[in-house]
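> model this:
(one chain, ligands or ions: 1)
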Amino acid sequence: MVNIVQNNAMRIGISLLVLSFCFQLSAQPKKEFQGRYVLVIHGGAGTILRSQRTAELEKKYTASLEEALAVGQSILEKGGKAIDAVEATVRVLEDNPLFNAGKGAVFTHEGRNELDAAIMDGRTLAAGSVAGVTTIRNPITAARAVMEKSEHVLLSGKGAEQFAKEQGIEIVDPSYFYTPERWRSLQRALERDSLKQLKQQASLLKIAEENELIKKDRYGTVGAVALDMEGNLAAATSTGGMNNKKWGRIGDAPIIGAGTYANNSTVAISCTGWGEYYIRLVMAKTISDQIEYTNRSLQDAANEMVMVKLPKLGGDGGLIAVDKSGNIAMPFCTEGMYRGYIKRENYNAPIQKEVAMFKD
Ligand code: ASP
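Next up is the predicted model:
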């Protein structure tokens with residue numbers, strides 16, 4: 001009897017070993033792609049206007065994007081995980097006051113900074129988000145903790161802050177997020193609001209005109225997507241949302257499938273733009289579905305969604321994406337999008353890098 005049990009246990013053990021070996025083999029990238037990694041980042045679309053272009057400004061943004069890319073690359077190059085790379089990269093951008101995420105976030109109508117962030121691991125489809133938080137220095141790290149240390153996906157407001165505190169994540173006074181530039185943007189938006197009200201009272205305001213006024217309250221967001229050497233995809237997005245947002249508004253960034261999505265069998269995506277439209281289009285997941293169910297290329301699917309469907313509804317913005325084969329897409333229908341990528345095809349290939357702001 002004891003022998004039978006032992007033999008069966010041995011057989012099961014051997015089968016499990018063979019199975020896990022086969023699984024590892026199939027999960028390994030093919031030889032020609034060994035050593036391949038890709039990291040793509042954005043620092044928002046919409047805030048950036050040709051009319052305000054100066055060499056000095058461009059230098060500042062370029063240096064900031066390069067700094068963020070370098071941090072993520074150092075993780076991927078050592079064989080680190082895509083999920084670690086996107087979190088670390090987004091943290092750098094959150095700490096940089098030039099971007100609308102973490103320090104430097106835009107203000108709500110009431111003069112507060114309410115931050116949204118999400119992260120997703122394409123290997124397991126695990127995801128975590130926080131929304132409307134006001135005291136978490138790096139919301140992306142809180143989102144990751146939600147993913148890994150809670151039974152939930154999306155935590156908001158005070159509850160999210162309490163959870164972050166319990167996890168030992170850095171909490172700051174809300175004044176930490178203040179920057180004079182963003183405060184001035186809010187004041188300008190408030191002035192436009194009063195003009196809007198006057199026109200509304202006189203029934204002179206047309207929807208198109210109202211949309212233009214909202215677009216003037218420019219926005220931004222930061223994000224990173226990565227493919228690591230083991231073929232895993234991950235996406236992370238963090239934002240202050242839209243300038244002058246009201247009533248606890250939450251954008252697309254923390255909505256899994258809208259502003260953030262990653263799936264090893266398709267693509268990793270991080271969006272930036274007028275969030276309401278991204279939510280209505282279920283932007284990121286729709287692109288993933290097109291790749292999965294209609295065999296469309298990433299480029300085709302992303303271009304159609306950003307360049308056709310989004311403006312047709314009245315929205316604007318852009319996104320960054322990397323698919324499971326390492327293809328990159330960075331479409332945007334605004335004047336510009338802060339963006340960049342760094343990649344290597346295999347151990348022997350040279351490192352390719354690009355950072356850009358405008359179309360050309
Ligand atoms: N998508 C963000 C939001 O609507 C803002 C942005 O990316 O500019 O909250």
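
> wait, residue 332 sits on residue 320?
No: assessed by Cβ atoms under 8 Å, residue 332 is found out of contact with residue 320, at 9.2 Å. Heads up, the C-betas are built off the backbone N, CA and C, glycines and all.

> residues shared between the contacts of the two?
Contact criterion Cβ atoms under 8 Å, 6 or more residues apart in numbering; residues shared by residue 332 and residue 320: residue 339.

> Would you map the strands across the chain?
In the chain, the segments counted as strands under DSSP state E are 37-45, 115-121, 126-133, 154-156, 222-227, 233-239, 260-262, 267-273, 317-323, 328-329, 336-344, 352-358.

> Return the residues of this protein in contact with the ligand.
For the chain, the residues found near the ligand under the criterion Cβ under 6 Å from any ligand atom are 44, 46, 219-221, 239, 241-242, 251-253, 259, 272-275.

> which strand residues sit across from the residue nearest in space to the middle of the chain in the sheet?
The chain has residue 237 as the residue nearest its centroid, 2.4 Å off, counting by Cα atoms, centre = their mean. In this entry, residue 237 is beta-bridged to residue 118, residue 223, by DSSP bridges.

> Surely it touches residue 120?
No: contact criterion Cβ under 8 Å: residue 237 and residue 120 do not qualify, at 9.1 Å.

> what is in contact with the two at once?
Taking Cβ under 8 Å, 6+ apart as the contact criterion, the common neighbours of residue 237 and residue 120 are residue 260.

> Flag the shaky bits of the stretch 251-360 of the chain, pLDDT-wise.
Across the stretch 251-360 of the chain, the ranges flagged by pLDDT under 70 are 360.

> 90 - rerun?
Applying pLDDT under 90 to the stretch 251-360 of the chain flags residues 335, 358-360.

> For the stretch 1-150 of the chain, which segments count as helices?
Taking DSSP state H, counting those that start in this stretch as the criterion, the stretch 1-150 of the chain carries its helices at 2-27, 55-77, 82-95, 139-149.

> How far off centre is the last one?
Averaging C-alpha coordinates over helix 139-149 and over its chain gives two centres that are 14 Å apart (Cα atoms, centre = their mean, to the nearest Å).

> same deal with stretch 279-295?
Distance of stretch 279-295 from its chain centroid, counting by Cα atoms, centre = their mean, is 16 Å.

> residues of that stretch that come out buried?
For stretch 279-295, the neighbour count (16 or more other Cβ atoms under 10 Å) marks 279, 281, 282, 283, 284, 285, 286, 287, 288, 289, 290, 291 as buried.

> Run through who's touching that stretch.
For stretch 279-295, using Cβ under 8 Å, 6+ apart, the contacting residues are 235, 251-252, 255-261, 263, 265-267, 269-271, 278, 296-298, 300-302, 305, 309-310, 313, 315, 319, 321, 323.

> could you list every residue that touches the residue nearest to the centre of the chain?
Listed by Cβ under 8 Å, 6+ apart, the contact partners of residue 237 are 90, 117-119, 221-223, 253-254, 259-260, 270-272.

> among these, which two are most distant?
Maximum pairwise distance among the contacts of residue 237 (Cβ to Cβ): 15.6 Å, between 119 and 272.

> Confirm for me that residue 171 is in contact with residue 134.
No: look at residue 171 against residue 134 with Cβ under 8 Å: they stay out of range, at 10.1 Å.

> more neighbours, these two?
residue 134 (19 against 15; other Cβ atoms under 10 Å).

> and the more buried one, what does it touch?
With contacts defined as Cβ under 8 Å, 6+ apart, residue 134 is in contact with 112, 113, 114, 115, 161, 174, 177.
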